[in-house]
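Chemist: With the sequence up front, the predicted model follows.
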Amino acid sequence: MKSINLFITIFLFFLCSIAIAQPDAGEKLAELQSRFDSIYDLSATITQSVSGKTIFTGKILYKKENKLRFEFKNILVVSDGETSWNYNMRENKVIITNYATEGTNILSINQLIYEYPEECDISAYEFDGQTVLEFIPNTSTLSFSSVKLWIDDSNLVTRALFEDPATGLIQIDLSNYKLNTNLPDSYFSFTPPEESEIIDLR
């Protein structure tokens, strides 16, 4: 009987240890938001994959508020937070859109870190030495099924995984961060090259 009681005690202790080890989603989100509150610009290496297939590898630059620049091999995407320019270097073609309708606003830092959590149920767990925050929409206004953010010890996002019913799994990996380097505003505006084809969809 003593051995059975000892087994039960050890088992219950094991279960409690697992529960204690799980990170608190609300606290981790607050830490993440606080970290990004302290960042006014950043650059990083970015790799985007769709359903396991690498589509783009390049560089991302970000500056508050919602200024973005993506530099890929033959594609340059620039946004000043209101207008987006998508320049295909190979075809010498520029597509101009409003930022709100541009597909790359899936990488809006403000949406990802601050807005999405307000419309989602949030959970957290540990995986491979990092905390993973999972957002599952609780409204019909968001198009994705879930978003998972991998967060390192510096409270920086190293991976974002979007589950989208239309496009499948979109994975974005970020590395080689450089923070608060006073990126100039000129990085986030774009003048189409001469003789380029311009398609203005605004």
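Modeler: Alright, I've got the coordinates. Not measured: the values here are computed from a predicted model. Numbering: from 1, shown residues only.

Chemist: switch to C-alpha atoms for all contacts and neighbour counts from now on
Modeler: Will do.

Chemist: my read: Ile96 touches Glu82, true?
Modeler: No - using C-alpha atoms under 8 Å, Ile96 is not in contact with Glu82, being 10.8 Å away.

Chemist: Those two - which one has more neighbours?
Modeler: Taking neighbours as other C-alpha atoms under 10 Å, Ile96 and Glu82 compare with Ile96 leading, 21 against 12.

Chemist: Other residues contacting whichever strand or helix holds the more buried one?
Modeler: Using DSSP states H and E, Ile96 maps to strand 93-98. Applying C-alpha atoms under 8 Å, 6 or more residues apart in numbering, the contact partners of strand 93-98 are 82-88, 192, 196-202.

Chemist: The most centrally placed residue in the chain and Gly58: what is the separation?
Modeler: When C-alpha atoms, centre = their mean is applied to the chain, the residue found nearest the centroid is Ala160 (4.7 Å). According to C-alpha to C-alpha, to the nearest Å, Ala160 and Gly58 sit 16 Å apart.

Chemist: List the residues that contact the residue nearest to Ile151 when sequence neighbours are not counted.
Modeler: Leaving aside its chain neighbours, Ile151 sits nearest to Val157 (4.6 Å; criterion: C-alpha to C-alpha, 6 or more residues apart in numbering). Contacts of Val157 were listed using C-alpha under 8 Å, 6+ apart, and they are 149-151, 174.

Chemist: now Thr181
Modeler: Thr181 makes contact with 41-42, according to C-alpha under 8 Å, 6+ apart.

Chemist: In a strand, it, correct?
Modeler: No - membership of Thr181 in a strand is not supported by DSSP: H, G, I helix; E, B strand; the rest coil, which gives coil.

Chemist: how close does it sit to Ile113?
Modeler: 21 Å.

Chemist: before we move on, what about Lys64?
Modeler: 13 Å.

Chemist: which of those two has more neighbours?
Modeler: Between Lys64 and Ile113, counted using other C-alpha under 10 Å, the more crowded position is Ile113 (18 against 15).

Chemist: Now do the buried residues in stretch 26-44.
Modeler: The neighbour-count criterion (16 or more other C-alpha atoms under 10 Å) identifies 28-29, 32-33, 36, 41-44 as the buried residues of stretch 26-44.

Chemist: and if you look at stretch 182-197?
Modeler: Residues of stretch 182-197 classed as buried: 183, 187-190, 192 (neighbour count, 16+ other C-alpha under 10 Å).

Chemist: Tell me, what's the model's pLDDT at the nearest residue to Asn138 once chain neighbours are set aside?
Modeler: With sequence-adjacent residues excluded and distances taken as C-alpha to C-alpha, 6+ apart, Asn138 is closest to Cys120, at 5.1 Å. Looking at Cys120, its pLDDT stands at 94.

Chemist: what ranges do the strands span in the chain?
Modeler: Counting by DSSP state E, the chain has strands at residues 41-50, 53-63, 67-71, 75-79, 83-88, 93-98, 120-127, 130-137, 146-151, 157-164, 168-179, 197-200.

Chemist: Paired strands for the longest one, with orientation please.
Modeler: Think strand 168-179. Paired with strand 168-179 in the same sheet, following DSSP bridges, are strand 41-50 (antiparallel), strand 157-164 (antiparallel).
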